[in-house]
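>>> need a structure here:
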Amino acid sequence: MNEQEQNIISRYLDNDGFVKTWPGKAKKRELILKYLASKFTPGQKYSEPEVNLLLRQYIDDYVTRRRDLVESNLLQRTDDGRVYWVDSKN
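This is a model prediction of the structure:
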């Protein structure tokens, strides 16, 4: 992410990196989703409870954001939803 994107993201985070408010604009929501996706180790496999535990460290509505991450292709998952991962290219 470039400096401008980091400045935008920082407006939505508290001092601990927790998302304090959800942006209204789609472009800004996309940046926050990329921020959340960056918390995963590329290529590492995660169970759904592990994904939830990780996301809960950064956002209250982790279930919706997990779904958003999958729908935006920032987080991949198996068809049965048991295994999640972030591609190393993201």
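>>> so which residue is smack in the middle of the chain?
Compute the mean C-alpha point of the chain, and by C-alpha atoms, centre = their mean the closest residue is residue 36, 2.5 Å away.
>>> isn't that one right next to residue 59, touching?
Yes - using C-beta atoms under 8 Å, residue 36 is in contact with residue 59, at 6.7 Å. From N, CA and C alone the C-beta is placed, and that goes for glycine too.
>>> common neighbours of the two, please.
Taking C-beta atoms under 8 Å, 6 or more residues apart in numbering as the contact rule, residue 36 and residue 59 both touch 19, 65.
>>> what is the longest helix anywhere in the chain packed up against?
Longest helix of the chain, by residue count under DSSP state H: helix 26-37. Under the contact criterion of 3 or more C-beta pairs under 8 Å, 6 or more residues apart in numbering; DSSP states H and E, helix 26-37 touches helix 3-10, helix 62-71.
>>> hmm, who's touching the following helix or strand past the last one?
Okay, so that is helix 62-71. Following helix 62-71 in sequence order, the next helix or strand is strand 76-77 (DSSP states H and E). Strand 76-77 is contacted by residues 70, 83-87 when judged by C-beta under 8 Å, 6+ apart.
>>> and the furthest pair within those?
Across the contacts of strand 76-77, no pair lies farther apart than 83 and 87, at 13.3 Å, counting by C-beta to C-beta.
>>> those two: which is more packed in?
residue 83 (15 against 12; other C-beta atoms under 10 Å).
>>> residues touching that one, list them.
Taking C-beta under 8 Å, 6+ apart as the test, what residue 83 contacts is 45-47, 77.
>>> average model confidence for stretch 71-79?
Across stretch 71-79, the average pLDDT comes to 96.
>>> give me the nearest residue to residue 62, chain neighbours excluded.
Counting by C-beta to C-beta, 6 or more residues apart in numbering, residue 55 is the residue found nearest to residue 62 once chain neighbours are left out, at 3.7 Å.
>>> how about the one you found, secondary structure?
The three-state label given to residue 55 by DSSP: H, G, I helix; E, B strand; the rest coil is helix.
>>> residue 66 is in contact with that one, correct?
Yes - proximity of residue 55 to residue 66 meets the contact threshold set by C-beta under 8 Å, at 5.9 Å.
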